[in-house]
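> Sequence first, predicted coordinates after that:
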Amino acid sequence: MRTFDLCVIGSGPAGQKAAIQASKLGKRVCIVEKAEVVGGAAVNTGTIPSKALREAILAATGKSPFMPRFSDFMSARGRVSLSDLFSACQAIIKNEISIVRGHFASNGIELITGKAAFRDANIVDVTGEHASEAIRAEHVVIAVGTRPAKPANISFDDIDIITSDELLHLKQLPLSMIVVGGGVIGTEYASMLAALGVKVTLIEGRNRLLDFIDAEIAEALQYHLRQAGVTLRMGEKVVSINKVEPPPGARTTNNVMAEAVLESGKTLRADCLLYAIGRQGATDALNLAAAGLSADDRGRIKVNEHYQTSVPHIYAVGDVIGFPALASTSMEQGRLAACSMFGESCPSYGNTLPYGIYSIPEISMVGWTEEQLTKDGIPYEAGVAQYREIARGQLLGDEIGMLKLLIHQDSRTILGVHAIGTGATELIHIGQAAMAFGATVDYFVNAVFNWPTLAECYKVAALNGVNKLRNV
């Protein structure tokens, strides 16, 4: 039986960073990965594939310079095929897998392929296709991630009624699609498919999309989705999902239609239905009980502020512990968990974690929202810059983007930054750095930015905010 200081279960972003940090501290580390490829859902079915697909779609529709080989698809073929788009994505995915393997090798991390299950709190049994072994570890990190939720009353078939995992393997582009769930995944894919000309209907049980982001940004996104042809069914709940025969004259790709019946009595039909409500922690095969652990009904594991489970030497990080379930936050959780378990001081700017939603247009935020500040009685003012008034925005042809600063009325510190439009997920990091070091709005007023750049939005938004503060 081999012995390690740390055994990490799962090679996604959280597991990677936990393993690498422990290795940097001189610990003997192994990673157990059940798949033949490393990287977890982030590299193989989630973050990287979906974002690569997004860039390919933008290029295919003439809205991105990053993949010029797609520029003639629309004119040459009239309708871009999914197989063409996915083919371009494969090179990116393979490169990411190679990079992850390289990091493991350069840090002396042992990669063990097989399914992990606890024998007890310190021994993990690994069952591979050709061999099995037991691993003893002083510490364990559970970083198994999640998979799309598949309710038992829905007849998923990988073609007509699917989850986000199957979407990446569709052989042809559906003519129409119902997307159930207006969270991050549902919103991103709805906007991508609409950009390709798919007739999309997005159903969301709440009265707005992405209720954790700034309301003004969410309203802007909903407006632009409608402009792109997406039908939004807000405040609607789905009571049943089935496959039905298409009515006479209906256009389909598989001679079958997906049907969603709503609580309000409406019946919606489309060529394909994407179910994007919730994800399930991939913990059911871990035999958690043998280690003295348990998961909730969604497969999530409860942890404390140091990512420790109820068993002190076992930690859990990433999507398996729940919100915010982002690759970026998962990476940081893995790093912090490794530092904590081995007594290493590790400061973190946890109150300035950014959020990125790769819809079309993209959205990003850091810090407080207006709703949160109002609820907590914190006096603030908002400064806004529109891309259309920024030279770089004009050069990019983006007249819909905007950036908003939330400024404390008394201390003048930056409380939150919210952006929608081209490069929003990059632009947000300027505000993130300013917030982490306690900068006031005056920093942006007095700073000089390259011109023309989108970063100039910070100066324009700051001046707008200061003008409002003068009138308070």
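Nice, I can see it.
> Low-confidence ranges, the stretch 251-400 of the chain, go.
Nowhere does the stretch 251-400 of the chain drop to pLDDT under 70.
> for it, what spans make up the helices?
Ranges of helices within the stretch 251-400 of the chain are 327-341, 370-375, 391-396, based on DSSP state H, counting those that start in this stretch.
> which stretches of the stretch 201-350 of the chain form strands?
Using DSSP state E, counting those that start in this stretch, the strands of the stretch 201-350 of the chain run over 231-234, 238-244, 257-262, 267-270, 272-275, 279-281, 314-316.
> who touches residue 315 in this structure?
18, 139-142, 303, 306-309, 337, 340-341 (Cβ atoms under 8 Å, 6 or more residues apart in numbering). Using the backbone N, CA and C atoms, a C-beta is placed for each residue, glycine as well.
> Sort out which of those residues are buried, if you could.
Neighbour-count burial (16 or more other Cβ atoms under 10 Å) applied to those gives 18, 139, 140, 141, 142, 303, 307, 308, 309, 337, 340, 341.
> From residue 353, how far out is the closest residue to residue 233 other than its chain neighbours?
Nearest residue to residue 233, sequence neighbours excluded (Cβ to Cβ, 6 or more residues apart in numbering): residue 203, at 4.5 Å. Note on residue 203: its distance to residue 353, by Cβ to Cβ, to the nearest Å, is 29 Å.
> Neighbour count: those two, which is higher?
Counted by other Cβ atoms under 10 Å, residue 203 and residue 353 do not tie: residue 203 has more neighbours, with 26 against 16.
> wait, the more buried one sits on residue 187?
No: look at residue 203 against residue 187 with Cβ atoms under 8 Å: they stay out of range, at 11.7 Å.
> So which bits of the longest helix seen in the chain are buried?
Counting residues, the longest helix in the chain under DSSP state H turns out to be helix 82-106. Buried residues in helix 82-106, counted by 16+ other Cβ under 10 Å: 82, 85-86, 88-89, 92-93, 96-97, 100-101, 103-104.
> ok, now stretch 11-27?
Neighbour count says stretch 11-27 has 11-23, 25, 27 buried, by 16+ other Cβ under 10 Å.
> How far away from the center of its chain is that stretch?
Here stretch 11-27 is found 21 Å from its chain centre; the criterion is Cα atoms, centre = their mean, to the nearest Å.
> now could you export just the CA positions of it as CSV?
The C-alpha coordinates for stretch 11-27 follow below in CSV (Å, rounded to 0.1, in the frame of the first residue of the first chain):
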residue,chain,number,x,y,z
SER,A,11,-8.4,16.4,-11.3
GLY,A,12,-10.5,19.4,-12.1
PRO,A,13,-9.5,23.0,-11.3
ALA,A,14,-10.0,22.6,-7.5
GLY,A,15,-8.1,19.3,-7.3
GLN,A,16,-5.3,20.6,-9.5
LYS,A,17,-4.5,23.6,-7.4
ALA,A,18,-4.8,21.7,-4.1
ALA,A,19,-2.3,19.1,-5.4
ILE,A,20,0.1,21.6,-6.8
GLN,A,21,0.1,23.8,-3.6
ALA,A,22,0.7,20.8,-1.4
SER,A,23,3.6,19.7,-3.7
LYS,A,24,5.1,23.2,-3.5
LEU,A,25,5.1,22.7,0.3
GLY,A,26,7.2,19.6,-0.1
LYS,A,27,4.4,17.0,0.4
